[in-house]
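A.B. asks: using only what follows, build the 3D model:
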Amino acid sequence: MKTTSRRGSASSQPLPKADLEARLDEARRIDAQLDLVARRERRATAELAYLLSHAERLEVHRSLGHARIGQYAVARGFVSSDRKARELIALARELERLPRLRVAFREGEVAWTKARTVARVATAETEADWLERAQTRTSRQLEVLVAEAKGEPAPVRRTLKQTKEQAVWLEEALRLARQNSDRPLTEEEALEVVCRGYAEDVARRGGRAGPAYRIVLHKCECGAPATLQGRDGPVPLSPAAEAAATRAAEVHDLRTGTGKVTKAIPERVRRLVYDRDRGVCAVPGCGRQGSLHVHHEPGRAVTGHDPDRMTLLCDLCRARHKSHYADLRVMPTRRAEPRCLEQVAVTRAA
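C.D. replies: Next comes the predicted model:
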């Protein structure tokens, strides 16, 4: 029996002591340089926070033609978002009562996100302890400690990457939540209101989504895409998003006088189709009761608002139908045979 042995590769062999010490020295040198760069960046952020706070007090943004300090800061490229500008300004003012944390923030010893977290709970008596935690713990660990100190559940972070079109819908929903609240809401609280409201509405309706909030889309007769107003100006909508948003819309023609308001589908026809089809998608085997749309078959230009040629489709089946899937059958005149002399559809108001 022949045995063989393999010599370890060069990379697996222990380094000579001199080489090991040289590599360690190089690692420490690079680490020190990185720390210097990070500290410099943190100091710059602190200076930006105090300058923005000062600029807001002097209303610099108004003098330069901007309605909000955040709008001004984003337009000038000082920050990436209106929210960050507002949080930096709030932090600069909050640290006026915490001198040790303020000095550490100005010197770049503590990142602005950590300072913001600690400022929520630190007092004159506990400031030193919280500063030590901010310097030795990660941001996530610090958030958990602060939540525990305040008797709150530990926060869960969720990062969203959105298109401009998706972002403008989210902004519109948050704006409506704040507008209808009896107190100021943070962005997180406003998002909770939106999500909770939708979930409760669907549950209350037995899985059927209720009417949407009122939103305003602008459409020009020149043929340009419809737009939804966002925080930074109008955002063009894709044809699919425009079609989905306008299926149940009111059309307000502003070209003459106060404008004539008409509905894309008359409400009495919409109710007839919904009640007749029992609030269920018309595609055999689907059975979905949520995200339903009144569909014209083969198209509104052909059918007009003839209820006998309209039916309910869920958003998924409607997308498949528009993509011309061969396996999808739509039954626009599906009706159950009456079992008694009179059929009545009963709906419950929200």
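A.B. asks: quick one, what contacts Val194?
C.D. replies: 173-174, 176-177 (CB atoms under 8 Å, 6 or more residues apart in numbering). Glycine gets a C-beta too; all of them are placed from N, C-alpha and C.
A.B. asks: tell me which of those fall in helices.
C.D. replies: Of the positions in the contacts of Val194, 173-174, 176-177 sit in helices, assigned by DSSP state H.
A.B. asks: of the residues you listed, which is the nearest to Asp35?
C.D. replies: In terms of CB to CB, no member of these lies closer to Asp35 than Leu174, at 37.9 Å.
A.B. asks: nearest spatial neighbour of the closest one, skipping sequence neighbours?
C.D. replies: Sequence neighbours aside, Ala190 is the residue nearest to Leu174 in space, at 4.4 Å (criterion: CB to CB, 6 or more residues apart in numbering).
A.B. asks: read off the pLDDT value for Gly230.
C.D. replies: Listed pLDDT for Gly230 reads 66.
A.B. asks: err, Asp308, not the other one
C.D. replies: 79.
A.B. asks: does it sit in a helix, a strand or a coil?
C.D. replies: Of the three states, Asp308 takes helix under DSSP: H, G, I helix; E, B strand; the rest coil.
A.B. asks: number of nearby residues for it?
C.D. replies: Residues contacting Asp308 under the criterion other CB atoms under 10 Å number 11.
A.B. asks: next one: the one 5 residues further on
C.D. replies: The burial metric for Leu313, expressed as a neighbour count using other CB under 10 Å, is 27.
A.B. asks: equivalent analysis for Glu221, please.
C.D. replies: Glu221, neighbours per other CB under 10 Å, totals 7.
A.B. asks: by mean pLDDT, flag the weakest helix or strand of this structure.
C.D. replies: strand 260-263 (a mean of 58; mean pLDDT, DSSP states H and E).
A.B. asks: please, a ChimeraX command that selects the buried ones among the ones in helices among the contacts of Val194?
C.D. replies: Of the ones in helices among the contacts of Val194, the buried ones can be selected in ChimeraX as follows, counting by 16 or more other CB atoms under 10 Å:
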select :173,174,176,177
